[in-house]
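Participant: quick one: sequence and predicted model below, then my questions.
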Amino acid sequence: MPTESEIISLIRRRVRTSGDVLTGIGDDAAVIKGSADKDLLACCDLMVEGVHFQIDWTPPRLLGRKALAINLSDIAAMGGVSKFAMISVALPDRCSEEFIVEFFEGVFEMAEEQGVSIIGGDTSSSREWMFVDISLIGECGAGCAVTRAGAKPGDVIYVSGSLGGSALGLKLLGDGVRLSELGEADDDRRTALLKHLSPQPQTTLGRAIGEARLATAMIDISDGLSTDLWHILEESNCGAIIHADAIPISASVRGLMSAAESTPRKPVACDTSLGLALSGGEEYELLFTANPASSIQIDELKNSLGLAITAIGQIDEGEGLRLEQEGRLSPLAPSGYEHLI
Ligand SMILES: [Mg+2]
């Protein structure tokens, strides 16, 4: 079977669009010409049981929240505001009424928090697995959508929040750790599990970056920092260096990994904190590039929103992505930093 990127290239080659499509396939969301002062943004995300989530370790309310959150994150990554959602589900017989009610409560809860109206969708039965697909429509100022294609040599690379928590949360779930069974003192494990099961999309930050036109390129971290930065480099035709010491690693990851290193049987086999932060997916933080002249405004934004925004490297004219660690440069493949894992 072809890979996901081969299938996308196949579709991308075949698709013909009208002049109203300003950005088509290949970004976090499509950009469509709207009114004189607004453009429309549209995206969708399919979640498949057994591939993207496991019903036995996911509280249904959190699954509903996440299904919408991952789309909200894509509109945020375009610098836009989310407005309308359509939700389709396919449910196997084993899903109880209580499960379904809780799942939709999660969707509605997230929609209300983010000012999104649910305007339709579809339902189906399914023989074996549960499927959820949400389509989201948003908007941004005309010509203001932040694509992956605008990074320029000299730009600074920034990331919001801290990284590694979602990947560690997934590993803990795979090892049998469950949210409902954690004790009072399990803060680090709870934080990591929640980062994976209930990510909070950076909607306020994405919108603010879009409105102030602070970023030259932006993407949300769904595949992992190294892979998503590669997407920006490919679309922008440039290279980059990031600094290992600058990568913001989640406190929960540092706490759990340092405990793991001092026990004979590591709960997370042979990973490192940096490896998780560089290659761990489903973080839903924003990764963006900006002209150095915008650094004061970015600092002001960071302070006014009370969010972590960290400069991790620079865009350059070099070849691909390189990681600087203790003064040495090494190539960093899109699949993550394999030497560390
Ligand atoms: Mg995305």
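Facilitator: All right, it came through fine. Predicted model, so just to flag it, every value in this text is computed and none were measured.

Participant: Ala244 and the ion, how far apart?
Facilitator: According to Cβ to the ion, to the nearest Å, Ala244 and the ion sit 24 Å apart. From N, CA and C alone the C-beta is placed, and that goes for glycine too.

Participant: er, Gly327 actually
Facilitator: 33 Å.

Participant: ok, now Asp39?
Facilitator: 18 Å.

Participant: buried stuff in the helix or strand harbouring that residue?
Facilitator: Counting by DSSP states H and E, the element that carries Asp39 is strand 38-48. For strand 38-48, a neighbour-count test (16 or more other Cβ atoms under 10 Å) marks Asp39, Leu40, Leu41, Ala42, Cys43, Cys44, Asp45, Met47 as buried.

Participant: what's near enough to touch the fourth one?
Facilitator: This means Ala42. Ala29, Ala30, Ile32, Ser135, Leu136, Ile137, Gly138 (Cβ atoms under 8 Å, 6 or more residues apart in numbering).

Participant: one more time with 7 Å
Facilitator: Ala42 makes contact with Ala29, Ala30, Ile32, Ile137, according to Cβ atoms under 7 Å, 6 or more residues apart in numbering.

Participant: for the third one, same thing?
Facilitator: With contacts defined as Cβ under 7 Å, 6+ apart, Leu41 is in contact with Ala29, Val31, Ile75, Met78, Gly80, Ile137, Gly138, Glu139, Cys140, Ala145.

Participant: so the second one bridges to which residues?
Facilitator: Each beta-bridge partner of Val31 is listed here: Thr23, Leu41, as defined by DSSP bridges.

Participant: so how far is Val21 from it?
Facilitator: 8 Å (Cβ to Cβ, to the nearest Å).

Participant: cool, the fifth one as well?
Facilitator: Look at Gly80 and Val21: by Cβ to Cβ, they are 16 Å apart.

Participant: okay, those two: which has more neighbours?
Facilitator: Gly80 (31 against 15; other Cβ atoms under 10 Å).

Participant: which residues touch that one?
Facilitator: Contacts of Gly80 (Cβ under 7 Å, 6+ apart): Leu41, Gly138, Glu139, Cys140, Ala145, Arg207, Gly210.
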